[in-house]
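>>> compute the structure for the input listed below.
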Amino acid sequence: MTTPTATGIPTTNDGSGRAPRLRVDINAGNLFGLPAYTSAPRGDERALLSAAKAAGFEGVQGGNPALCRELGLGFTTGGRVNLPAEAEPHAAQAAAAGYACSTLHVGWGHEDDDAIARLVEAILDASRKHRLPIYIETHRATITQDTWRTVQMVKRFPEVRINADFSHWYTGLEMVYGDFAAKLDFLAPVFERVRFMHGRIGDPGCMQRDIGATGEGLTYVEHFKEMWTRSFVGFLKTAKPGDYLSFNPELLPPGIYYARLKRAADGSEIEEGDRWQQAILYGTIARACFAEAQKRVGATATARYTAGPAPSGRRTRRSSRYSS
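Numbering: from 1, shown residues only. Just a heads-up that it's a prediction; the model follows:
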């Protein structure tokens with residue numbers, strides 16, 4: 001089920017009428033094909049999907065729709081659109097299969113503004129026509145590969161909704177080089193439009209890091225928590241009963257140069273961490289960020305009705321600075 005926004009773009013909605021919520025799912029790349037030397041579950045697709053549900057994940061991006069439906073799991077999809085003409089067939093196919101939404105890599109990043117506009121218009125039209133939420137992903141080698149162009153895109157097309165994978169910006173654009181807090185403020189129009197998320201945490205030099213047992217004490221983890229929390233605030237400010245935001249850990253394998261490798265005692269190369277356990281940890285972190293977002297939205301609403309008009313004059317930024 002989907003709920004149209006004021007501009008006609010649908011939002012994922014479970015039809016329950018309950019309060020807007022975070023749904024912690026998992027991307028198929030973080031579930032299938034995990035190394036045997038980790039704690040990851042074993043077995044065929046049914047066994048792995050069942051294990052995902054038992055671990056607390058509510059859906060799978062890229063999972064078999066029939067099996068997910070049978071097991072009581074949500075299912076979403078994704079893809080790539082390089083040309084405007086590719087948007088409508090993708091939306092038609094995804095909608096016919098019953099997917100709740102789709103995320104897209106769009107273009108290759110070398111498009112001019114007019115080409116970007118044609119791509120975005122085609123995606124928005126396809127989303128409306130098929131009542132399928134389609135979320136443009138922040139990703140390298142796409143039209144959203146840099147923050148400035150992405151902000152200009154959402155200003156020109158405010159009805160766009162985003163699948164946020166902030167690792168591509170945090171590492172690829174070395175966001176900590178300079179005023180990190182100012183960069184977060186600049187990205188406010190993006191945070192306001194996040195309706196799906198790929199969970200991956202990187203540091204300034206590596207876009208997928210093992211963050212240990214808790215992630216505590218790591219500055220770059222705190223940076224991601226803040227970006228996630230601001231995105232959840234953006235969702236909550238306009239969400240309707242039954243709406244949900246799907247958060248998907250997407251810790252990918254070394255074969256496509258995501259997971260880092262280390263040398264084992266026997267000389268072989270193994271992954272530096274356990275992507276299954278990290279995915280479970282990411283879910284815990286995301287839930288804590290969502291709870292913080294609920295507090296911020298509640299505090300903002302309370303202040304709006306009790307504090308009166310905001311004072312005029314220059315806004316004061318937090319004095320604390322982020323370090324790399």
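>>> phi, psi of the closest residue to Arg21 other than its chain neighbours?
Taking CB to CB, 6 or more residues apart in numbering as the measure, Arg21 lies nearest to Tyr244, with 5.1 Å between them; neighbours along the chain are not counted. In short, each C-beta sits where N, CA and C put it, glycine included. Here the main-chain torsion angles of Tyr244 (degrees, to the nearest 10) amount to phi -140, psi 150.
>>> okay, now Tyr244: neighbour count?
By the criterion of other CB atoms under 10 Å, Tyr244 has 25 neighbours.
>>> so the residue positioned nearest the centre of the chain: helix, strand or coil?
Per CA atoms, centre = their mean, the C-alpha nearest to the average position across the chain is that of Met197, at 1.2 Å. For Met197, the assignment made with DSSP: H, G, I helix; E, B strand; the rest coil gives strand.
>>> so what's it bridging to?
Note on Met197: beta-bridge partners by DSSP bridges are Ala164, Phe247.
>>> residues touching it, list them.
The contact partners of Met197, by CB atoms under 8 Å, 6 or more residues apart in numbering, come to Asn163, Ala164, Asp165, Trp228, Ser231, Leu245, Ser246, Phe247, Asn248, Ala286.
>>> isn't the first one right up against Ile134?
Right, Asn163. No - the pair Asn163 and Ile134 fails to qualify as a contact (CB atoms under 8 Å) at a distance of 9.2 Å.
>>> look up how far Gln61 lies from the residue nearest to the centre of the chain.
Taking CB to CB, to the nearest Å as the measure, Met197 and Gln61 are separated by 11 Å.
>>> what touches both of these two?
Among the neighbours of Met197, those also in contact with Gln61 (CB under 8 Å, 6+ apart) are Ser246, Asn248.
>>> picking up where we left off before, what sits in contact with each of Asn163 and Ile134?
For the pair Asn163 and Ile134, residues contacting each of them under the criterion CB under 8 Å, 6+ apart are Thr103, Leu104.
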